[in-house]
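Colleague: Sequence unavailable; structure follows:
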């Protein structure tokens, strides 16, 4: 008999199956009962909800029933009936139960009790079986699907930027080196430096920190592209907001100015949050009830409010005039901290904010310079609870200004001739932004630690699983 997903059995569309034989397969969450009947709650990962299996004790082998414990994997055939109990609309009267795999109650770590998120991080290979992480990882899938759907429907092309690169898009220098050289016998040049001519690629290479630069190349040929893939930062930040491996969404658009860029970012993020509310209803409600009872309200807050657009200089004035006590002081030229961003969103404007026109000294070399000589056409989208969720800009399309800025920040123009060619040959106004996928997931799930929204987090001193 063909297996039916529990999510489908619990949906309105399953009414025609009542009274018929069905087959489910999944993992036992709980078993209870008495000397006559056993009630087994089974979950297959397709939904936050379990389905109850009712087993007549007399019809099943005692040893089989003994081995049906929390964590065991079962196949169950039986008749789908309307449930007489509370909490579920239908249940299955079991006729055949097969145990695929037992789970010893003395060693299986996910027994029916509360588990801390810290403990579950230590068993990340099993935490997907919990209600919490089942919900989070289903929402991770839904958001990934929504991202592709949004851009496809808008006429964008999915562009694959390389994961191995010789350029540092952010200029931060915190990159993971990629090499096949023998670490115990490194080839050296005459002046004692490592000879990367002997390496696999014949030069020093690293894992990418951003797909943006190569994304710009795509935009200058296909018009509108987006990247969506893993990025890597060798930043020694052991915080609830940082990962060493994370996923980024980076659209790049030819013929977009800063206003076009802001319009797209606002529409995009509202679409994703709306998608979560409409298509992940059960999971969002569970997370709202269990972890953050303001989650749904906050998601609606983003969808229902127009984003305020504010120049950096105005934001500094607002922060300086506020009576709020900040841990970090603010002045022209300082990079705003999360506490400043959240104040603007949550207390001053009470709606999402897009900050623009940042000082050029605190932003990347590729951002288009304003005529004032002090600022660039940057934009950051600020959200409640997390601060910056999107960062982007109009890109510098004037080659002379771009080369001068590269030299100012210590980037050798000849090493990025391929990038400069897009300004030499048919240069055009263009813009783009980056959205950290895990930052988005923090917002839509209500979780507070970024390590809880990716299946196997990578961070300093941790690369297990």
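Modeller: Right, received. Where do you want to start? Note that the structure is a prediction, hence the values are computed from the model and not measured. Residues are numbered from 1 along each chain as shown.
Colleague: CA atoms for contacts and neighbours, from now on please.
Modeller: OK.
Colleague: okay, now residue 115: neighbour count?
Modeller: Using other Cα atoms under 10 Å, the number of residues around residue 115 comes to 13.
Colleague: Report pLDDT for it.
Modeller: If you check residue 115, the pLDDT there is 92.
Colleague: List the residues that contact it.
Modeller: Not one residue lies near residue 115 by Cα atoms under 8 Å, 6 or more residues apart in numbering.
Colleague: ok but it is inside a strand, no?
Modeller: No - counting by DSSP: H, G, I helix; E, B strand; the rest coil, residue 115 is not part of a strand but coil.
Colleague: Okay, strands next: where are they in the stretch 251-400 of the chain?
Modeller: 308-311, 353-359, 375-383, 387-394 (DSSP state E, counting those that start in this stretch).
Colleague: For those strands, give me a markdown table that also has mean neighbour count and distance to residue 69.
Modeller: Shown next, in a markdown table, are these (neighbours: other Cα atoms under 10 Å; distance: least, Cα to Cα, whole Å):
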| stretch | mean neighbour count | distance to residue 69 |
| --- | --- | --- |
| strand 308-311 | 16 | 54 |
| strand 353-359 | 23 | 50 |
| strand 375-383 | 26 | 44 |
| strand 387-394 | 24 | 43 |
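Colleague: okay if I get those strands as a markdown table plus mean pLDDT?
Modeller: Formatted as a markdown table, those follow (pLDDT from 0 to 100):
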| stretch | mean pLDDT |
| --- | --- |
| strand 308-311 | 98 |
| strand 353-359 | 98 |
| strand 375-383 | 97 |
| strand 387-394 | 96 |
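Colleague: Just put the ones you listed in TSV and tack on distance to residue 188.
Modeller: Shown next, in TSV, are these (distance: least, Cα to Cα, whole Å):
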stretch	distance to residue 188
strand 308-311	50
strand 353-359	42
strand 375-383	42
strand 387-394	40
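Colleague: which one of the ones you listed lies closest to residue 244?
Modeller: Of all the strands of the stretch 251-400 of the chain, strand 387-394 sits nearest to residue 244, with 17.3 Å by Cα to Cα.
Colleague: so where's the protein shaky on pLDDT?
Modeller: Along the chain, the parts satisfying pLDDT under 70 run over 169-173.
Colleague: at 90 instead, please
Modeller: 1, 12-15, 84-88, 112-114, 166-174, 235-242, 323, 386, 415, 464-465 (pLDDT under 90).
Colleague: where along it do the helices fall?
Modeller: 6-9, 62-66, 117-122, 131-153, 212-222, 258-279, 281-290, 295-304, 312-321, 338-342, 399-408, 417-424, 437-445 (DSSP state H).
Colleague: Tell me which of the strands of the stretch 251-400 of the chain lies nearest to residue 75.
Modeller: Residue 75 lies closest, by Cα to Cα, to one member of the strands of the stretch 251-400 of the chain: strand 387-394, at 43.1 Å.
Colleague: which other helices and strands contact that closest one?
Modeller: helix 258-279, helix 338-342, strand 375-383, strand 430-436 (3 or more Cα pairs under 8 Å, 6 or more residues apart in numbering; DSSP states H and E).
Colleague: Nearest to residue 18, out of those?
Modeller: Of the helices and strands packed on strand 387-394, nearest to residue 18 by Cα to Cα is helix 258-279, at 25.3 Å.
Colleague: that older thread, can you tell which of the helices of the chain is closest to residue 198?
Modeller: Nearest to residue 198, of those and by Cα to Cα, is helix 417-424 at 23.2 Å.
Colleague: Can you give me the buried ones in the closest one?
Modeller: Neighbour-count burial for helix 417-424, counted by 16 or more other Cα atoms under 10 Å, picks out 420, 422, 423.
Colleague: Could you tell me how many residues sit around the closest residue to residue 203 other than its chain neighbours?
Modeller: Using Cα to Cα, 6 or more residues apart in numbering and skipping the chain neighbours, the partner closest in space to residue 203 is residue 196 (4.8 Å). Using other Cα under 10 Å as the criterion, residue 196 is surrounded by 19 other residues.
Colleague: One more: residue 218?
Modeller: Residues lying near residue 218 (other Cα under 10 Å) number 24.
Colleague: Could you report the distance from residue 379 to residue 1?
Modeller: As judged by Cα to Cα, to the nearest Å, residue 379 and residue 1 stand 56 Å apart.
Colleague: Go through the buried residues of helix 417-424 and name the one nearest residue 151.
Modeller: residue 422 (23.4 Å).
Colleague: Was I right to think that closest one contacts residue 217?
Modeller: Yes - Residue 422 is in contact with residue 217 according to Cα atoms under 8 Å; the separation is 6.9 Å.
Colleague: ok so, going back, name the nearest of the buried residues of helix 417-424 relative to residue 155.
Modeller: Nearest member of the buried residues of helix 417-424 to residue 155, counting by Cα to Cα, is residue 422, at 21.9 Å.
Colleague: what's the closest non-adjacent residue to residue 44?
Modeller: Nearest residue to residue 44 in three dimensions, chain neighbours excluded: residue 26, at 4.2 Å (Cα to Cα, 6+ apart).
Colleague: before we move on, back to that, show me the residues around the residue nearest to residue 203 that make contact.
Modeller: For residue 196, the contacting residues are 187, 202, 203, 204, by Cα under 8 Å, 6+ apart.
Colleague: From the residues you listed, list just the buried residues.
Modeller: Buried subset of the contacts of residue 196 (neighbour count, 16+ other Cα under 10 Å): 187, 204.
Colleague: Check the gap between residue 138 and residue 325 for me.
Modeller: 39 Å.
Colleague: more neighbours, those two?
Modeller: Using other Cα under 10 Å as the criterion, residue 138 and residue 325 rank with residue 138 on top: 17 against 9.
Colleague: what's the first-to-last distance across stretch 91-110?
Modeller: The first-to-last residue distance of stretch 91-110 comes to 24 Å (Cα to Cα).
Colleague: With stretch 244-262 instead?
Modeller: With Cα to Cα as the measure, stretch 244-262 spans 28 Å from end to end.
Colleague: If you count neighbours, what's buried in that stretch?
Modeller: 244-254, 256-258, 261-262.
Colleague: cool, and stretch 110-117?
Modeller: Neighbour-count burial for stretch 110-117, counted by 16+ other Cα under 10 Å, picks out residue 110.
Colleague: residues near the closest residue in space to residue 159 that isn't next to it in sequence, how many?
Modeller: Take residue 159 and drop its neighbours on the chain: the residue closest to it by Cα to Cα, 6+ apart is residue 227, 5.2 Å away. Residue 227 is flanked by 24 other residues according to other Cα under 10 Å.
Colleague: residues contacting residue 227?
Modeller: Taking Cα under 8 Å, 6+ apart, one finds 158, 159, 160, 161, 211, 212, 215, 248, 249, 250, 251 in contact with residue 227.
Colleague: surely the second one meets residue 215?
Modeller: Spelled out, it's residue 159. Yes - using Cα under 8 Å, residue 159 is in contact with residue 215, at 7.0 Å.
Colleague: what touches both of these two?
Modeller: Shared contacts of residue 159 and residue 215 (Cα under 8 Å, 6+ apart): 225, 226, 227.
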